[in-house]
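# just coords:
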């Protein structure tokens, strides 16, 4: 997985100086070279420095992504498409999600992460079943950027993935999509003490991001969790999204809480809730 992720990120630095016409023509010709190394070199150069001429480059990159016999060239073409924001290549990137080489599948998902498009959702959902964890992770990441609720149930299933990185990005993407249908699954995930604490904490953040009025009740119940870090994160989340109904449970917790950090966070949360309530009243009065 680390090797695959490294390949995806390789060469992702800021674009270099603008290409001259001569350099551009030479690179475009080199895309047809017999040597895959030469084609690869040309793709990388065009991906880094071809922004101003990306419309001319796009058809060549799309063809290489679809048909080049060398997986490195296909992968680099997908990466260049993402760098150059070639949106008309979305159908080719979706097709590349089924490429036999995992590096190409991952690069295609990463490019779709840069070019979110609802048309890619079915292909990205299918990628969540990939045998390679890096592909599943990038599928989850890209779905979070698209923010299409068709991905909610498939991402909920990823909460049981064998890889922590996949679970974490599935949790984050559920928060980005903000579908209320994810509330019960995220609540159960946080409440399960067998899950990793970092993932449970991230799930609280995602609960707070959901477009559900019931999230405040869920966060309120988490104030009674045995784990101090869970209580602290729940307090802070209520400070961000809670209403006045959250104030009484916060006060009760403060009366029983030994942690000075949590007591301080409770005061800050109550102050933030009251401020939002005042602003809401003032807005209604105007």
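That came in fine, so what should we check first? Since we're looking at a predicted model, the values are computed, not measured.

# from residue 189, how far off is the closest residue to residue 161 other than its chain neighbours?
Excluding its sequence neighbours, the residue lying closest to residue 161 (C-beta to C-beta, 6 or more residues apart in numbering) is residue 167, at 5.1 Å. Any C-beta I mention is one placed from the backbone N, CA and C, and that applies to glycine too. Applying C-beta to C-beta, to the nearest Å, the value for residue 167 to residue 189 is 9 Å.

# before we move on, the earlier item: what is the burial count for the residue nearest to residue 161?
Other residues lying near residue 167 total 24 when counted by other C-beta atoms under 10 Å.

# for the helix or strand hosting it, which outside residues touch it?
Assessed by DSSP states H and E, residue 167 sits inside helix 164-177. Helix 164-177 is contacted by residues 1, 133, 136-137, 140-141, 143-145, 147-149, 151-152, 155-156, 158-161, 182, 185-186, 189, 196, 198-199, 202-203, 205-210 when judged by C-beta atoms under 8 Å, 6 or more residues apart in numbering.

# quick one: which of these sit in helices?
Counting by DSSP state H, the contacts of helix 164-177 place 133, 136-137, 140-141, 143-145, 152, 155-156, 185-186, 189, 198-199, 202-203, 205-209 in helices.

# quick one: pLDDT of residue 13?
Each residue has a pLDDT score; the one for residue 13 is 42.

# do residue 250 as well
Note on residue 250: pLDDT of 97.

# not counting residues beside it along the chain, what's closest to it?
Per C-beta to C-beta, 6+ apart, closest to residue 250 is residue 266, 5.1 Å.

# re the thing from before, now for residue 167 and residue 189: what residues contact both?
Common neighbours of residue 167 and residue 189, counting by C-beta under 8 Å, 6+ apart, are 159, 199.

# tell me the mean pLDDT for the biggest helix by length in the chain?
Ordering each helix of the chain by length in residues (DSSP H) puts helix 260-285 first. Averaged over helix 260-285, pLDDT sits at 93.

# by contact count, what packs against it?
helix 228-241, helix 247-256 (3 or more C-beta pairs under 8 Å, 6 or more residues apart in numbering; DSSP states H and E).

# what about residue 156, neighbour count?
Counted with other C-beta under 10 Å, residues neighbouring residue 156 total 20.

# same check on residue 223?
Using other C-beta under 10 Å, the number of residues around residue 223 comes to 22.

# ok, it - contacts?
Contact analysis of residue 223 by C-beta under 8 Å, 6+ apart lists 231, 234-235, 238, 249-250, 253.

# got CSV for those, with distance to residue 118 and neighbour count too?
Formatted as CSV, the contacts of residue 223 follow (distance: C-beta to C-beta, whole Å; neighbours: other C-beta atoms under 10 Å):
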residue, distance to residue 118, neighbour count
231, 38, 20
234, 33, 31
235, 36, 30
238, 33, 28
249, 39, 21
250, 39, 22
253, 42, 21
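
# buried sites along the longest helix of the chain?
Within helix 260-285, the residues scored as buried using 16 or more other C-beta atoms under 10 Å are 262, 265-266, 269-270, 272-273, 276.

# now, among the residues you listed, which is nearest to residue 55?
Proximity of the buried residues of helix 260-285 to residue 55 (C-beta to C-beta) peaks at residue 276, which lies at 46.9 Å.

# which residue packs closest to that closest one, ignoring adjacent ones?
Of all residues not flanking residue 276 in the chain, residue 243 sits nearest, at 7.6 Å (C-beta to C-beta, 6+ apart).

# phi and psi next, for the one you found.
The phi and psi values for residue 243, taken as degrees, to the nearest 10, are phi -110, psi -170.

# distance check, it against residue 31.
Distance of residue 243 to residue 31, given as C-beta to C-beta: 58 Å.

# going on from the helix or strand encompassing residue 41, what's the next piece of helix or strand?
Per DSSP H and E: residue 41 is located in helix 36-49. The helix or strand immediately downstream of helix 36-49 is helix 54-67, counting by DSSP H and E.
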